[in-house]
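K.L.:
What would the 3D arrangement of this be:
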Amino acid sequence: MDPHLELVDRQVALLLKRSDPLAFLWLIEPFLAALQSDPVVATLIEDILEDVANVVGAMEEADGEVAVELQTLRAEFAELEPAAHFENTLALFDEFAEAEPPAFTAEGVGGRAAPLLAILRELDAETRPTGPRLVRDPEEQPGDPLAAWRASLAGVLHRYFRALRSMRLRARASAGLALLKLDATVDALNPPDVRTDAAGRLDMTSVADLALFNAVWSERPDTALLEDRLAELRVCVERVGDELCVRLGTTRSRAALVQRFKHRCEWHDRGRMLAVANDDRLGGGVEDRLTAELARYLFDAGLNPITRLLGKRPASERFDPTTTFYVEAAQYTDGVTRDELPSAVHRALHAMRALRAGGLELDEGWLAILRRGGPRFNLPELLRTEDCRLHLTVIDLAPVTAPAHEPEPTITVPAAELLSS
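P.N.:
The predicted model follows:
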């Protein structure tokens with residue numbers, strides 16, 4: 001079994017078998033620490049938390065756009081309904097519009113648009129006609145001077161709540177939110193920071209989850225509250241475990257196919273791959289042709305990788321605009337030095353960032369480095385930056401010579417050197 005999957009399965013099972021609420025709560029911290037101790041799992045945890053930030057970020061962007069539209073509607077209302085008794089309400093609107101908005105919670109509370117919407121909806125209700133007046137001729141029915149304004153407000157209201165519902169739905173199913181709840185539980189059991197009041201006494205009301213703190217540390221623990229929290233946190237642990245297993249399985253499947261491509265090239269396809277690299281009649285550069293071989297192999301195996309050249313096409317012309325991993329091939333031959341390796345890494349990372357900026361949600365990339373000659377390099381399997389995860393696979397296509405009594409020396413290049421500028 002994959003050691004990373006085994007770690008996740010073992011830790012999740014160990015925690016979930018605890019039926020006593022206090023024992024379960026005490027084990028949350030070592031559970032999270034055990035997951036973070038594995039570099040691969042820790043990287044996936046960072047990605048999961050980044051997904052939560054992206055969900056909130058999308059809502060913040062929608063909130064900002066709606067707030068601008070609402071300020072336009074506020075100005076239109078002041079022109080259409082200049083009654084003096086609305087001045088205080090409009091002044092309150094302006095106060096909220098200029099204030100720093102509170103950060104969004106995972107439940108969708110926060111932002112600038114919500115109070116602005118509430119004020120304009122109140123103005124909408126106050127200025128609506130009190131009731132239809134019976135007239136014989138419909139043309140004599142008095143018009144509503146704010147009818148178009150109300151329609152615009154309704155449209156903005158729909159877009160705002162659609163974005164809010166989307167955020168809440170994604171957050172409820174989010175393993176990242178579950179992780180944050182587990183982290184918050186650890187802090188609630190033993191608060192890292194408690195404010196003091198004016199007299200210098202500890203202000204326990206500053207504890208984020210005072211109810212849980214009191215339930216655990218009081219002389220008579222609140223068993224009912226602890227049982228409720230236990231049920232909620234069990235779901236969080238299961239969600240985190242399931243998400244990690246899915247992500248580990250995805251990466252493992254991709255890695256297995258890239259490894260199979262490596263074995264095919266080294267064992268059964270060495271001559272043809274070298275011919276492809278050397279045949280300028282095929283068009284493109286050497287590395288473009290080798291990248292195409294790797295991408296075609298993965299595509300035929302059922303995956304949808306994206307390459308640098310494919311990423312330059314319009315989204316409608318790509319295999320799958322929702323693909324989430326990038327592939328590239330680099331090569332070297334006699335005369336290469338280790339100083340030239342970082343440039344290949346940075347080229348792949350730059351391509352991944354450019355594709356992300358173009359709208360593709362890439363979660364990882366593979367750089368296959370084909371050795372056609374020159375020294376043997378031992379490279380790390382994974383490089384991690386703040387925004388990218390790049391796997392490295394060395395494929396040896398160098399000509400086979402007579403067996404030597406001593407193996408060729410291998411040069412180990414650390415991750416920090418490959419990522420250096």
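
K.L.:
what are the ranges of the strands in the chain?
P.N.:
Assigned by DSSP state E, the strands in the chain fall at 325-332, 364-371, 376-378, 382-384, 389-396, 410-412.

K.L.:
Switch those over to CSV; also include mean neighbour count.
P.N.:
C-betas here are computed from N, CA, C, even on glycine. Shown next, in CSV, are those (neighbours: other CB atoms under 10 Å):
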stretch, mean neighbour count
strand 325-332, 24
strand 364-371, 23
strand 376-378, 14
strand 382-384, 18
strand 389-396, 19
strand 410-412, 11
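
K.L.:
now the ones you listed as JSON lines including distance to Asp339 and mean pLDDT?
P.N.:
Listed next are the strands of the chain as JSON lines, based on distance: least, CB to CB, whole Å; pLDDT from 0 to 100:
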{"stretch": "strand 325-332", "distance to Asp339": "12", "mean pLDDT": "94"}
{"stretch": "strand 364-371", "distance to Asp339": "15", "mean pLDDT": "95"}
{"stretch": "strand 376-378", "distance to Asp339": "12", "mean pLDDT": "94"}
{"stretch": "strand 382-384", "distance to Asp339": "17", "mean pLDDT": "91"}
{"stretch": "strand 389-396", "distance to Asp339": "17", "mean pLDDT": "95"}
{"stretch": "strand 410-412", "distance to Asp339": "11", "mean pLDDT": "93"}
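
K.L.:
Where does the prediction get shaky in the stretch 1-150 of the chain?
P.N.:
Scanning the stretch 1-150 of the chain for pLDDT under 70 picks out the ranges 1, 84, 131-143.

K.L.:
Sketch out the helices for the chain, chain order is fine.
P.N.:
Under the criterion DSSP state H, the chain contains helices at 3-16, 21-37, 39-80, 87-98, 113-127, 147-172, 175-189, 210-217, 223-263, 270-278, 286-300, 308-311, 341-357, 415-418.

K.L.:
and the longest one, how far from the chain's centre?
P.N.:
With CA atoms, centre = their mean, to the nearest Å as the basis, the distance from the averaged C-alpha position of helix 39-80 to the chain average is 14 Å.

K.L.:
repeat for the last one
P.N.:
Here the centre of helix 415-418 is set off from its chain's centre by 25 Å, with CA atoms, centre = their mean.

K.L.:
what's the burial count for Arg128?
P.N.:
Here the count is done by other CB atoms under 10 Å, and Arg128 has 11 residues near it.

K.L.:
what's near enough to touch it?
P.N.:
Residues near Arg128 by CB atoms under 8 Å, 6 or more residues apart in numbering: 144, 150.

K.L.:
Look up phi and psi at it.
P.N.:
Phi and psi for Arg128, reported as degrees, to the nearest 10, are phi -70, psi 150.

K.L.:
before we move on, what about Ala398?
P.N.:
phi -60, psi 150.

K.L.:
cool, Leu146 as well?
P.N.:
Dihedral angles for Leu146 - degrees, to the nearest 10 - are phi -100, psi 10.

K.L.:
Looks like it contacts Leu80 (just checking).
P.N.:
Yes: applying CB atoms under 8 Å, one finds Leu146 in contact with Leu80, separated by 5.7 Å.

K.L.:
Have a look at the two and say which one is more surrounded.
P.N.:
Using other CB under 10 Å, the more surrounded residue of Leu146 and Leu80 is Leu146, with 19 against 12.

K.L.:
Could you check how far the more buried one is from Val41?
P.N.:
Distance of Leu146 to Val41, computed by CB to CB, to the nearest Å: 57 Å.

K.L.:
just Cys245 next, same as before
P.N.:
Computed as CB to CB, the Cys245 to Val41 distance reads 10 Å.

K.L.:
which neighbours do those two share?
P.N.:
Val8.

K.L.:
Out of the two, name the residue with the larger neighbour count.
P.N.:
Per other CB under 10 Å, whichever of Cys245 and Val41 has more neighbours is Val41, with 21 against 18.

K.L.:
Name the nearest residue to that one, sequence neighbours excluded.
P.N.:
Spatial nearest neighbour of Val41, chain neighbours left out: Leu35 (5.1 Å); criterion: CB to CB, 6 or more residues apart in numbering.
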